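S.K.: Prediction below, plus the sequence it came from.
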Amino acid sequence: MLLANPAQKTFEDAVDGGLTIFCLGDYAMKNFLSKYKNLTAAPKKSFLEFHGMPIYQSLSSLKSNNGLTNTLAIDGAIKYNFVVQNDGNEVPVKTKLVTTKIVDTIIVNEQPLAIFSLNKVLMSGELFKLAPTPAPTPTADSLGPSKKKHKSLHAPATPSDFPTDSPDCEQ
């Protein structure tokens, strides 16, 4: 996916200065692929760049460096960040929409590059805003004495619309 996107150049340019990449297991990506295909070119690039940090971080460094983390994704004044939080032996990665965790080490101890696999797609709140629920349109029935409420036909996106934990991470 990265090779078919302009984000590839961003990753190539960043690797010499240090780069940490969070990739997705096959299961997590398979569940997300239809949403990815519906993004336009600029959000696709930002989405991929959101899975990279412009610094080399080993797993032990990630466990000790808790807090807000910069990513490669920048769109004008908007910086797409996530939080890395040590939780015992696990390293959760949190956004406004999802909490995922590192489930496998693909490349590490090969400075300047580290690659880890996640069990869920990192969903940036800036890219995947939750849609508000539209107000129901009044109808003759809803204005009458029965005062029935009609549900909207358009449900908002919710975190449950996004992939769940992967049972394993395939390479």
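M.R.: Cool, the structure landed.
S.K.: how about the longest helix seen in the chain: buried residues?
M.R.: As assigned by DSSP state H, the longest helix anywhere in the chain is helix 26-37. Of the residues in helix 26-37, 27, 28, 29, 31, 32, 35 count as buried by neighbour count, 16 or more other CB atoms under 10 Å. Where you see a C-beta, it was placed from the backbone N, CA and C, and this is true even at glycine.
S.K.: Would you agree the second one is in contact with residue 118?
M.R.: Yes: counting by CB atoms under 8 Å, residue 28 sits close enough to residue 118 to count as a contact (6.7 Å).
S.K.: shared neighbours of the two, which are they?
M.R.: Here residue 28 and residue 118 have no joint contacts, going by CB atoms under 8 Å, 6 or more residues apart in numbering.
S.K.: The residue nearest to residue 55 when sequence neighbours are not counted and residue 58: what is the separation?
M.R.: Of all residues beyond its chain neighbours, the one nearest residue 55 is residue 18 (4.8 Å), with distances taken as CB to CB, 6 or more residues apart in numbering. Using CB to CB, to the nearest Å, residue 18 is found at 11 Å from residue 58.
S.K.: Residue 63 belongs to a strand?
M.R.: No: read with DSSP: H, G, I helix; E, B strand; the rest coil, residue 63 is helix and lies in no strand.
S.K.: quick one: contacts for it?
M.R.: By CB under 8 Å, 6+ apart, the neighbours of residue 63 are 86, 91.
S.K.: For stretch 4-17, give the mean pLDDT please.
M.R.: Stretch 4-17 shows a mean pLDDT of 92.
S.K.: Same check on stretch 68-85?
M.R.: 83.
S.K.: From one end of it to the other, what's the distance?
M.R.: End-to-end distance of stretch 68-85 (CA to CA, to the nearest Å): 9 Å.
S.K.: in that stretch, what's buried?
M.R.: Counting neighbours by 16+ other CB under 10 Å, stretch 68-85 gives 69, 71, 72, 73, 74, 80, 81, 82, 84, 85 as buried.
S.K.: try stretch 4-20
M.R.: 5, 7, 10, 11, 14, 19, 20.
S.K.: Residue 72 is in contact with the fifth one, correct?
M.R.: Yes: contact status for residue 14 versus residue 72: in contact at 6.1 Å, counting by CB under 8 Å.
S.K.: Give me the common contacts of these two.
M.R.: Residues touching both residue 14 and residue 72 (CB under 8 Å, 6+ apart): 52, 54.
S.K.: All set now, cheers.
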